[in-house]
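> Sequence first, then the predicted structure:
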Amino acid sequence: MTPQRPSMHIGVIVTLALRNLRRNVRRTILTATALIIGGALLIFSLLFGDGTHEQWIDSGVRTGSGHVTIERPEFRLSRKIEDRLPASARPLVMTALESPDIAEQVTTVFARLTVTGLASSAAGARPARILGVDPIVEAALSPLDDQVVEGRYLEPDDRLAAYVGAGLVESLDLRLGSRLVLTAQDAKKDIAGQLVRVVGVFRSGVPEVDQSLIHIPLATAGEWLGVGHDVTNIGVLVDDSIAVPGLVRHLRRALADPIARGETTVMGWREAMPALRDAVLIDEWGSYLVFGILFVIIGFSIVNTVLMSVLHRYREFGVLQAIGLTPRQTGAVVLVEGLTLTGVSGIVGVGLGLFLTWFFLGDGLDMSQISGAFDDMTFSGVVIDPVIYPVFRTARVVQSLGWILSIGGVASIYPAIRAATIDVAESMKFER
């Protein structure tokens, strides 16, 4: 007798699995519906979750130190002017960023001179965080220039100009055109003062920012503090935060010599902004927990559907084994049945979720329409825009389908074992 080819065995197994799904249409449809809804909710949530996180990150890095920051290792803790980057570091960074591998991902490169000091007027003195910035670059990347309540943002030909937070203006009794003195330690560790005039007032919505932050031209800050063209950090913005790890590795290779000498360090936003990193991780793992519970429940429904199918076909499986189907092949029929159910349902569910996300919410989800509490939502010194836009990533689609198939595979293992271990003689006693 000629043995059957493996391909024939596979064809028989698949045929039996599909037939069994058709024989229990109601139960199959109910389980498939639960999987489709779960898959649609999963991809919908993941896409908008990624969009929310990308928005948080973008807001944080624009007001902070960038997706990637280059600075001296000591500056992160000391915040002292002596722990600054030399002017020679900027050409090295710019050369490294011109590499064809990463040039398309980089959107903005900026340099800042950050110092902590005092802002004084006739009404008193207050602690201040003073940023020397390039007005043109900063206006393109920072949201502060759009948050002006009086006056204007800095312009390229400004010299003794200051853009000041509304809280600091109120506490020092300032107004447009008022003069104030900025005092800080300079490069020689002497106390140096700089007279500036208020040209604009902003309100970011974050009290700690509005009560302390001052922008002045980078050239003015360099001259005042005696650092010339040195800066405290160079920041890089990219079009998608997913590109940050690769950019960090590239810059570390390109700047290997100054890094080895302890003159420079390269950090991604996760390392430079731990509070933002933790907020994203907590929200992300919270979503995973909720969907984990949902899919455990769906998994039990799959177990119920497939196991009931096995019990109702106990005699049939006995007959199949009696005429030549091995126990392993019997179990494979049940396993293919569960995987087919979850696979088809998962594809439909993920496809439905993608369609709904794109079709109904292409203009973003305005959370302020749901609850007024989102209007002034802030965390870690960042104002959160209430309008959330989804981020479509192929990896998320593959991940979602992988999760659904995994749930189907795991949920089908026990029914498959039950089918593979039936007693042929005992199964013949069943009427059904």
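Nice, thanks for sending it over. Bear in mind the structure is a predicted one, so any value in this text is a computation, not a measurement.
> ok, the closest residue in space to residue 121 that isn't next to it in sequence - contacts?
Among residues not flanking residue 121 along the chain, residue 172 sits closest, at 4.2 Å (Cβ to Cβ, 6 or more residues apart in numbering). (Glycine included, C-beta is placed from N, CA and C.) Residues in contact with residue 172 (Cβ atoms under 8 Å, 6 or more residues apart in numbering) are 119-121, 123-126, 180.
> go on, residue 414?
303, 307.
> Can you name the helix or strand that it falls in?
helix 394-420 (DSSP states H and E).
> for that helix, the distance to its chain's centre please.
In terms of Cα atoms, centre = their mean, to the nearest Å, the centre of helix 394-420 is found 26 Å from the chain centre.
> again, but for stretch 260-279
Stretch 260-279 sits 16 Å away from the centroid of its parent chain (Cα atoms, centre = their mean).
> What average pLDDT does stretch 34-51 get?
Stretch 34-51 shows a mean pLDDT of 87.
> try stretch 412-419
81.
> Next, the buried residues of the host helix or strand of residue 55.
Using DSSP H and E, residue 55 maps to helix 25-63. Using 16 or more other Cβ atoms under 10 Å as the test for burial, helix 25-63 gives 27-28, 31-32, 34-63.
> Stretch 302-313 now?
Across stretch 302-313, burial judged by 16+ other Cβ under 10 Å covers 302-303, 305-307, 309-310, 313.
> List the residues that contact residue 404.
35, 38-39, 42, 295, 342-343, 345-346, 349-350.
> Looking at the residues you listed, which is nearest residue 365?
residue 42 (16.6 Å; Cβ to Cβ).
> pretty sure that closest one contacts residue 402?
No. Counting by Cβ atoms under 8 Å, residue 42 stays clear of residue 402, with 11.1 Å between them.
> which residues are in contact with stretch 216-226?
So stretch 216-226 is contacted by 81, 111-113, 115, 130-135, 154, 158-163, 182, 184, 186-188, 192, 194, 196, 227-231 (Cβ under 8 Å, 6+ apart).
> Show me which positions of it end up buried.
Neighbour-count burial for stretch 216-226 [16+ other Cβ under 10 Å]: 216-222, 224-225.
> what does stretch 238-246 give?
238, 241, 243-244.
> follow-up on the earlier one: show me just the buried residues among the contacts of residue 172.
Listed as buried from the contacts of residue 172 are 119-121, 126, 180; burial here means 16+ other Cβ under 10 Å.
> Helices of the stretch 51-200 of the chain, residue ranges please.
Assigned by DSSP state H, counting those that start in this stretch, the helices in the stretch 51-200 of the chain fall at 75-78, 89-97, 100-103, 135-141, 166-171.
> least reliable of those helices going by mean pLDDT?
helix 100-103 (a mean of 80).
> low pLDDT regions in this protein?
Residues of the chain that meet the criterion pLDDT under 70 lie in 1-9, 313-314, 362, 366-386, 424-432.
> pull the longest strand from it.
With secondary structure taken from DSSP state E, the chain has its longest strand at strand 106-121.
> Could you export that one as PDB, CA atoms only?
Taking Å, rounded to 0.1, in the frame of the first residue of the first chain, the C-alpha atoms of strand 106-121 are listed here in PDB:
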ATOM      1  CA  VAL A 106      16.700  64.800  11.500                       C
ATOM      2  CA  THR A 107      14.400  67.800  11.400                       C
ATOM      3  CA  THR A 108      16.100  70.400  13.600                       C
ATOM      4  CA  VAL A 109      19.400  70.900  15.300                       C
ATOM      5  CA  PHE A 110      19.600  73.600  18.000                       C
ATOM      6  CA  ALA A 111      22.100  74.900  20.500                       C
ATOM      7  CA  ARG A 112      21.400  76.400  23.900                       C
ATOM      8  CA  LEU A 113      23.300  78.100  26.700                       C
ATOM      9  CA  THR A 114      21.500  77.400  29.900                       C
ATOM     10  CA  VAL A 115      22.300  79.000  33.200                       C
ATOM     11  CA  THR A 116      20.600  79.400  36.600                       C
ATOM     12  CA  GLY A 117      20.700  82.900  38.100                       C
ATOM     13  CA  LEU A 118      18.600  85.800  39.400                       C
ATOM     14  CA  ALA A 119      16.300  88.200  37.700                       C
ATOM     15  CA  SER A 120      16.100  91.600  39.500                       C
ATOM     16  CA  SER A 121      14.000  94.700  39.200                       C
END
